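Engineer: Here's a sequence, model it:
(one chain, ligands or ions: 1)
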Amino acid sequence: MEREGEKSAVVAVVTEPRFAQRYRDYLEKQQLLDWQHRVQKLRDGTVALPVLAGALAERHVRELRDRVAPGSTCMLTRLLHPLPSKKARVCSPAQRLCRELRRWAEDRGVAWSADLEAGVPRSWQRHGDLMLLGEDCFPAEPWRSLEPELWDAVASALGVRRLAKRGRVLPDGTRTPSVTLLLGDHGWVEHTDNGIRYTFDVTQCMFSFGNITEKLRVASLSCAGEVLVDLYAGIGYFTLPFLVHAGAAFVHACEWNPHAALALRKNLEINGVADRCQIHFGDNRKLQLSNTADRVNLGLIPSSQEGWPVACQVLRKDVGGILHIHQNVESFSGKNPQGIVPGERGSGRAGNVGGEMLSSAIRPEWESWAESAETQIASLLHQVHGKLWRTRILRVHPVKSYAPHVDHIVLDLECRPVL
Ligand SMILES: C[S@@+](CC[C@H](N)C(=O)[O-])C[C@H]1O[C@@H](n2cnc3c(N)ncnc32)[C@H](O)[C@@H]1O
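Structural biologist: You can find the predicted model right below:
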């Protein structure tokens, strides 16, 4: 799956200037360079090379650091203000689409107008032969009179067979996107990410593009022999990397959206890991499981707080384990340089995230949220297990910028019973 015409989620590999050319040659050879965006020098003097996030795998990061440029610092970041490359400025895919639709409309005797032009999409997501368009495109007027032939023309201009249009993610807890199919007879798509195949129905389930850095990090964890509970499994965004790459022995995956649970089942099967996962269909707050997990993933934003009691309940009583707690946190304390993953808590120095040394400082708002979460979890653990627990913040790191001044972050919290 690839994003086209979007400015908001450009992923880049960051390194020191002296390694930039070697990185560039390697990324170009691997067809990972994003030609739509310019290589940028960041404020801390490092160089960011935009890449095609969907094709980038953890092994590429390893190769860059270990083989291509030993001694280099290889980081992943999201460019909040990506700059279009010269090539992209000459004629963007959106401009090409506009030109072709104009020609198509005029061939049908329709006078091109500013209103028509305003409705032409400027961004979209490609899922194989299905293009998912943004919610503001082709508003009812003045485009309605050109439907349904319009959809064939758009599909042909974009080189796909199916078209769908996105609405807002419904605030109904299932994170269901309101997506309408415009052309084609079904919304099932498939794509491969870091060697894992995902299939899902775009009209029924959401896919989180922005979570690539966290998915790569999860994939690089070493979870051999561990039992994981994924409280918000969706179609398997984290369940699958934990099983396929991190080597988790078993995953209990909770999901209450029937469409996501169906896609998750298929994804476990096509990736050959169905025998190591049990899907718990329904509300995870009623989960009948306890004293089982070495690790719990709480991948729900804006907050997974409602899942904290059950996360404490499923942790192993004898040795405890690690919680990965996602949260959207508002901050107004100045910019985090290009959203680079920060270091260890409070240290302000480089930290080791996903096996990579990453620099920059943690925001105070993240830290105070993490401290408050730690206190609440310690008290929940006491209540649930009837004894004292020791908690320790291992890391706080950003996944993506969710909105202006709002960051999606993850807290890794170690929880151990006091013996
Ligand atoms: C954001 S989505 C999947 C997130 C995924 N971990 C990611 O970041 O890409 C969260 C999923 O949790 C499910 N969910 C939310 N609340 C739930 C609950 N109380 N019990 C079970 N599933 C829940 C939703 O249906 C949705 O599929």
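
Engineer: Quick one: list the elements packing against the lengthiest helix in the chain.
Structural biologist: Across the chain, the longest stretch assigned as helix under DSSP state H is helix 364-385. Applying 3 or more Cβ pairs under 8 Å, 6 or more residues apart in numbering; DSSP states H and E, we find helix 364-385 packed against helix 308-314, strand 321-330, strand 389-403, strand 406-417. Yep, even glycine has a C-beta here, placed from its N, CA and C like the rest.

Engineer: The third one near the ligand at all?
Structural biologist: Going back to what we said before, that points to strand 389-403. No - applying Cβ under 6 Å from any ligand atom, one finds strand 389-403 out of contact with the ligand, separated by at least 7.9 Å.

Engineer: Give me the helices and strands touching that strand, please.
Structural biologist: helix 212-220, strand 321-330, strand 351-353, helix 364-385, strand 406-417.

Engineer: Adding distance to residue 89, write these out as CSV.
Structural biologist: Shown next, in CSV, are those (distance: least, Cβ to Cβ, whole Å):
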stretch, distance to residue 89
helix 212-220, 25
strand 321-330, 33
strand 351-353, 34
helix 364-385, 36
strand 406-417, 30
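
Engineer: Mean pLDDT added to those, as a markdown table?
Structural biologist: Formatted as a markdown table, the helices and strands packed on strand 389-403 follow (pLDDT from 0 to 100):
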| stretch | mean pLDDT |
| --- | --- |
| helix 212-220 | 87 |
| strand 321-330 | 96 |
| strand 351-353 | 33 |
| helix 364-385 | 96 |
| strand 406-417 | 95 |
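
Engineer: ok, back up a step: can you check which of the helices and strands packed on helix 364-385 gets nearest to residue 181?
Structural biologist: Residue 181 lies closest to strand 389-403 among those, at 27.4 Å (Cβ to Cβ).

Engineer: For residue 60, which residues are in contact?
Structural biologist: Neighbour list for residue 60: 27, 30, 32 [criterion: Cβ atoms under 8 Å, 6 or more residues apart in numbering].

Engineer: Low-confidence ranges, the stretch 101-250 of the chain, go.
Structural biologist: 168-177, 208-210 (pLDDT under 70).

Engineer: one step back: for the helices and strands packed on helix 364-385, which one sits closest to residue 147?
Structural biologist: When the helices and strands packed on helix 364-385 are ranked by proximity to residue 147 (Cβ to Cβ), strand 389-403 comes first, at 32.5 Å.

Engineer: Quick one: mean pLDDT for that closest one?
Structural biologist: Taken as a whole, strand 389-403 has an average pLDDT of 90.

Engineer: That one pairs with which strands?
Structural biologist: Neighbouring strands of strand 389-403 in its sheet, by DSSP bridges, are strand 406-417 (antiparallel).

Engineer: Other residues contacting the longest helix of the chain?
Structural biologist: 308-309, 311-313, 315, 317, 323, 325, 327, 329-333, 342, 345-346, 388-389, 391, 393, 396, 398, 407, 409, 411, 413, 415, 417.

Engineer: Quick check: buried residues in it?
Structural biologist: Buried residues in helix 364-385, counting neighbours by 16 or more other Cβ atoms under 10 Å, are found at 365-367, 369-370, 373-374, 377-378, 380-381, 384-385.

Engineer: if we can go back for a sec, the ligand: which of the contacts of residue 60 is nearest?
Structural biologist: residue 32 (22.1 Å; Cβ to the nearest ligand atom).

Engineer: ok, the closest residue to that closest one other than its chain neighbours - contacts?
Structural biologist: Distances taken as Cβ to Cβ, 6 or more residues apart in numbering place residue 51 nearest to residue 32, at 4.9 Å, with adjacent residues excluded. Counting by Cβ under 8 Å, 6+ apart, residue 51 touches 11-13, 27, 32-34.

Engineer: quick one: the residue lying farthest from the centre of the chain from the ligand, how far?
Structural biologist: Going by Cα atoms, centre = their mean, the residue of the chain most distant from its centre is residue 109, 43.7 Å out. Distance, residue 109 to the ligand, by Cβ to the nearest ligand atom, to the nearest Å: 46 Å.

Engineer: Tell me where the stretch 151-300 of the chain has strands.
Structural biologist: 162-169, 177-183, 188-193, 196-201, 227-230, 250-255, 277-281, 295-298 (DSSP state E, counting those that start in this stretch).

Engineer: Nearest to the ligand, out of these?
Structural biologist: strand 250-255 (4.8 Å).

Engineer: tell me the contacts of residue 102?
Structural biologist: 112, 116-117.

Engineer: how about a cut-off of 6 Å?
Structural biologist: residue 112 (Cβ atoms under 6 Å, 6 or more residues apart in numbering).

Engineer: ok, now the one 4 residues further on?
Structural biologist: Counting by Cβ under 6 Å, 6+ apart, residue 106 touches no other residue.

Engineer: mind checking which helix or strand it is in?
Structural biologist: helix 93-107 (DSSP states H and E).

Engineer: Show me which residues of that helix are buried.
Structural biologist: Applying 16+ other Cβ under 10 Å to helix 93-107 flags 93-94, 97-98, 100-101, 104-105 as buried.

Engineer: Tell me the first helix or strand C-terminal of it.
Structural biologist: Note on helix 93-107: by DSSP H and E, the next helix or strand toward the C-terminus is helix 114-118.
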